[in-house]
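Visitor: here's my sequence, what's the structure:
(chains A and B)
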Amino acid sequence: MIETTARRGGRPFGSAPAGLVLVALGVCAGAFPLRTAAQEERDSIPGVTLGLVYETESRPALAVMPFQAEPGLEDLAERVGAIVARDLRYSDRFEILDSLPQALAGTVDYQLWDQLGAVWLVTGRLEPDGDRVRLVLQLHDVVFGEIHEQRRYPLLSEDHPDFRMSVHVASDDVVESVTGDPGIAATRIAFSRRSLDGQTQDLFVIDSDGENLRRLTRHNTISLGPDWSPDGTRLVYTSFRPSIEEGRWGIFEIDLRSGEEREIRPNRAGQLGTPVYTPDGRRLAFSVRGSGRTGIFTYDLARDCCLQHVTGGNWEDLSPTFSPDGRWMAFNSSRLGTATPQIFVMPARGGEPDLVSPYLAGHRGYYTSPDWSPRGDLLAFHGRTGRFGRYQILVGDVSGEVGRLRRLTQLTWEGNNEDPSWAPDGRHLVFIGRRDWGTGLMIVDSATGEIRMLLRGVDVRVPDWSPPLRPEPRETLREGGF
Amino acid sequence: MTIRSLIVPAMAASLLLAACKKEPPPPPPAPTGPTPEEIAAQRRADSIRRERERQDSIRRAEEEARRREAERQRRIREARETLTEMVFFDFDESAIKPSEERKLRAKVDILRANPSIRLRLDGHADERGSTEYNLALGARRAEAVKEFFVGFGLDASRFTTQSFGEERPLVNRSDEEAWAQNRRVEFHITAGEIGVGENDRDRP
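Guide: The predicted structure is shown next:
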């Protein structure tokens, strides 16, 4: 039985979760009636549900009390408290009650908070710790009337580039204590940006709360498509090395701690692209193009050797992405022989690929840029349904039988939307949104559909969301927990 | 060679002898003709006229040379323009359109006449679609042009290809007209000179 619920018009938010449709796409695609009207083609993707990936959940109210401080640290406490409150709001897990009167600081009246509807309460205090400052953060369970968790966090000094990161770590612990899922505050997004003359691109990073924009490279060429190493210390990316005779797209790795860069040069001629780390961080997977053929290869990073062919042919195979257990690989391929790319899933060590994007024969559906969620259950990509379609962010549920989507959800429906990348919580996505009202890096919560602008600008390109980051030195920060 | 080297000095010597034998000039004739002053004036005028004619002829020759050089330069320029004129593609496609095939045919003629010329073919895509797939599409477009040339018997080693995908738009706008101009292959001469000799004057 097939049921399509492509609900158009009207915002799908707030309505019942659109999880009613099971679509075995590979089998059923041909059974969908062909839509001929251009307008139909413009908007509806076969078998897609509009709206939310996860069932909407009620969001508990969490109050953030003004942070207390030892004398001399009051201003810093206010800034740190504001960072934590915003982090918790951006987690999209709570209704946040903040900007509370300073007079409330220091008093914890569970009955009062219970009456105000708060389920959780966060209090914080800054105290000196030798020549540094320490944040003591308490998470109160208002319902049970007790401290649920308390941890100490050494803060880096405010002029340290990772100062905010040392605060974000505390916010993420609150999220994880309450939900069991990792937070996204102590994360960054890497991307590239076009120069003013449009001729070059360099890599940048920005904190997930939109602060701390930093430029990483100055190469006077095109560098793009960054991918974070699983430990968050390195990025690989593609960069163009011009030459009169024949320019070359190569793969480079930058060490974020030292700033050092090196070129990854597998012993194979061709244009390289779309590099990603395998989930264990020991290998790279990337595409190689030469003499009209394109294939996906892996390469041993640590031993700097051992190029292995995974798939390829007389077409394009690009953009590999791995399931977190490393067993499966999704990628982009034009192997159907149509002028447009589709998404396939195959065993990571090679084997038969299965088509998973909602391909309809005769339509120019275009699906590309897959990113496998760190939870393993979802595959995000972007695409358009036909020749005139606009590009939307799609999320396929791959938690069932391999090579079959249990459900396909369209997360965006306005403007053009490209290049989704999952946050470590497997719930938020960063992407490039182009709207009438603005263009830039946007973040969507796939559980609520809420979108916020991370960085406005028409010059931003292909983002990648980092794994959880811990500021150095890590050990010191862990000490405070108990 | 030896004969010629003997003859030339011999001729020179006989000329010298002839000069020595010349009689001293006769006394001036009776003042029936022009006066010496008039003769001198006439000579001066003749010499000026001859000099003027000589210079005119030089100038004409120079002008002719300049005109020919300009014509040659114009032909080189035209050949260069024909050779580097961009070709454009349909949305999502790397197949060469009939309208663009004509442009490529004209290039084939120039490439045949100038076997030292080497070209770099830069493939580009419009901004729609993904960054990575557009890099592939740009590469495919450049390779399609190279295959066209090779299909006409040109040596494949004369062409290199590279792709910029959607990264270097020609027109930085987001509308159909801009997209159509951005889906292109550019031609860059990386080696060789375009020669347009006398033989080329009657070429079509």
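
Visitor: please name the bridge partners of the nearest residue to residue B:167 once chain neighbours are set aside.
Guide: Computed as C-beta to C-beta, 6 or more residues apart in numbering or on different chains, the closest residue to residue B:167 that is not its neighbour in sequence is residue A:222, at 5.2 Å. Glycine gets a C-beta too; all of them are placed from N, C-alpha and C. Counting by DSSP bridges, residue A:222 is bridged to residue A:201.

Visitor: just give me the neighbour total for residue A:222.
Guide: 26 (other C-beta atoms under 10 Å in any protein chain shown).

Visitor: got it, and the one 10 residues further on?
Guide: Residue neighbour count, defined by other C-beta under 10 Å, stands at 17 for residue A:232.

Visitor: do the same with residue A:354
Guide: Residue A:354, neighbours per other C-beta under 10 Å, totals 17.

Visitor: touching, it and residue A:404? I think so.
Guide: Yes - with contact defined as C-beta atoms under 8 Å, residue A:354 reaches residue A:404; the gap is 7.4 Å.

Visitor: so where's chain A shaky on pLDDT?
Guide: Applying pLDDT under 70 to chain A flags the ranges A:1-46, A:56, A:102-103, A:105, A:472-482.

Visitor: hmm, I was thinking of chain B
Guide: Checking chain B against pLDDT under 70 turns up B:1-31, B:197-204.

Visitor: kindly recompute the last result at 90.
Guide: B:1-37, B:172-174, B:193-204 (pLDDT under 90).

Visitor: tell me where the chain has helices.
Guide: Just going to use chain A. A:25-28, A:38-43, A:74-90, A:110-115, A:163-179, A:474-479 (DSSP state H).

Visitor: ah, I was thinking of chain B
Guide: Under DSSP H, chain B gives helices at B:2-21, B:36-84, B:98-113, B:131-151, B:176-182.

Visitor: to residue A:201, which of these lies closest?
Guide: Comparison of the helices of chain B against residue A:201 by C-beta to C-beta identifies helix B:131-151 as nearest, at 10.1 Å.

Visitor: before we move on, back to that, now render the helices of chain B as JSON lines, adding distance to chain A.
Guide: Formatted as JSON lines, these follow (distance: least, C-beta to the nearest C-beta, whole Å):
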{"stretch": "helix B:2-21", "distance to chain A": "52"}
{"stretch": "helix B:36-84", "distance to chain A": "14"}
{"stretch": "helix B:98-113", "distance to chain A": "17"}
{"stretch": "helix B:131-151", "distance to chain A": "4"}
{"stretch": "helix B:176-182", "distance to chain A": "11"}
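
Visitor: any idea which of these is most buried?
Guide: helix B:131-151 (a mean of 23; mean count of other C-beta atoms under 10 Å in any protein chain shown).

Visitor: so how far is it off the chain centroid?
Guide: Here the centre of helix B:131-151 is set off from its chain's centre by 30 Å, with C-alpha atoms, centre = their mean, to the nearest Å.

Visitor: nearest to residue A:66, of the helices of chain B?
Guide: helix B:131-151 (44.9 Å).

Visitor: next, the angle helix B:98-113 makes with that closest one.
Guide: 50 degrees (axes from the mean of the first three to the mean of the last three C-alpha atoms, to 10 degrees).

Visitor: residues in contact with stretch A:92-110: which ones?
Guide: A:59-68, A:85, A:88-89, A:116, A:118, A:120-121, A:123, A:140, A:142, A:145, A:175, A:178-179, A:427-428, A:445, A:447-448, A:450 (C-beta atoms under 8 Å, 6 or more residues apart in numbering or on different chains).

Visitor: distance check, residue B:133 against residue A:231.
Guide: 29 Å (C-beta to C-beta, to the nearest Å).

Visitor: cool, and residue A:65?
Guide: Taking C-beta to C-beta, one finds residue A:65 at 35 Å from residue A:231.

Visitor: next: residue A:73.
Guide: 33 Å.

Visitor: close to chain B: what parts of the stretch 251-400 of chain A are there?
Guide: A:271, A:273-274, A:287, A:289, A:292, A:294, A:316, A:318-319, A:332, A:334, A:339-341, A:364, A:366, A:368-369, A:382, A:387, A:391 (C-beta under 8 Å from any C-beta of the partner chain).

Visitor: buried subset of these as a ChimeraX selection?
Guide: The buried residues among these can be selected in ChimeraX (16 or more other C-beta atoms under 10 Å in any protein chain shown) with this line:
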select /A:271,273,274,287,289,294,316,318,319,332,334,339,340,341,364,366,368,369,382,387,391
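
Visitor: of the residues of the stretch 251-400 of chain A next to chain B, which belong to strands?
Guide: Per DSSP state E, strands hold the following members of these: A:271, A:273-274, A:287, A:289, A:294, A:318-319, A:332, A:366, A:368-369, A:382.

Visitor: not counting its neighbours along the chain, what's nearest the residue of the stretch 201-350 of chain A found nearest chain B?
Guide: Proximity of the stretch 201-350 of chain A to chain B (C-beta to the nearest C-beta) peaks at residue A:246, 3.8 Å away. Distance criterion C-beta to C-beta, 6+ apart; nearest residue to residue A:246, sequence neighbours excluded, is residue B:160 at 3.8 Å.

Visitor: could you do residue A:414 as well?
Guide: residue A:435 (5.8 Å).

Visitor: quick one: the one you found from residue A:424, how far?
Guide: For residue A:435, the distance to residue A:424 - C-beta to C-beta - is 26 Å.

Visitor: could you list the domains of the chain?
Guide: If you meant another chain, say so; for now it's chain A. What automatic domain parsing lists as the domains of chain A is A:38-56+A:188-465, A:65-183.

Visitor: oops, I was thinking of chain B
Guide: The record's domain parsing of chain B by automatic domain parsing lists B:37-84, B:87-194.

Visitor: what segments of the stretch 351-482 of chain A are strands?
Guide: Counting by DSSP state E, counting those that start in this stretch, one finds strands in the stretch 351-482 of chain A at the ranges A:354-355, A:366-372, A:378-384, A:392-397, A:407-410, A:416-422, A:428-435, A:438-445, A:451-456, A:460-465.

Visitor: can I get those in JSON lines including distance to residue A:135?
Guide: Converted to JSON lines, the strands of the stretch 351-482 of chain A look like this (distance: least, C-beta to C-beta, whole Å):
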{"stretch": "strand A:354-355", "distance to residue A:135": "49"}
{"stretch": "strand A:366-372", "distance to residue A:135": "33"}
{"stretch": "strand A:378-384", "distance to residue A:135": "34"}
{"stretch": "strand A:392-397", "distance to residue A:135": "36"}
{"stretch": "strand A:407-410", "distance to residue A:135": "38"}
{"stretch": "strand A:416-422", "distance to residue A:135": "29"}
{"stretch": "strand A:428-435", "distance to residue A:135": "24"}
{"stretch": "strand A:438-445", "distance to residue A:135": "25"}
{"stretch": "strand A:451-456", "distance to residue A:135": "25"}
{"stretch": "strand A:460-465", "distance to residue A:135": "25"}
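
Visitor: quick one, which of the ones you listed gets closest to residue B:66.
Guide: That would be strand A:460-465 among the strands of the stretch 351-482 of chain A, by C-beta to C-beta, at 51.4 Å.

Visitor: list the buried residues of the closest one.
Guide: A:460-465.

Visitor: taking strand A:416-422 as reference, get the angle to that strand.
Guide: Using the same axes, to 10 degrees, strand A:460-465 lies at 20 degrees relative to strand A:416-422.

Visitor: okay, now the sheet partners of strand A:460-465, with direction.
Guide: Assessed with DSSP bridges, strand A:460-465 is paired to strand A:188-194 (antiparallel).

Visitor: which among the contacts of stretch A:92-110 count as buried?
Guide: A:60-68, A:85, A:88-89, A:118, A:120-121, A:123, A:140, A:142, A:175, A:178-179, A:427-428, A:445, A:447-448.

Visitor: contacting chain B as well, which ones from the contacts of stretch A:92-110?
Guide: Okay, of the contacts of stretch A:92-110, nothing touches chain B (C-beta under 8 Å from any C-beta).
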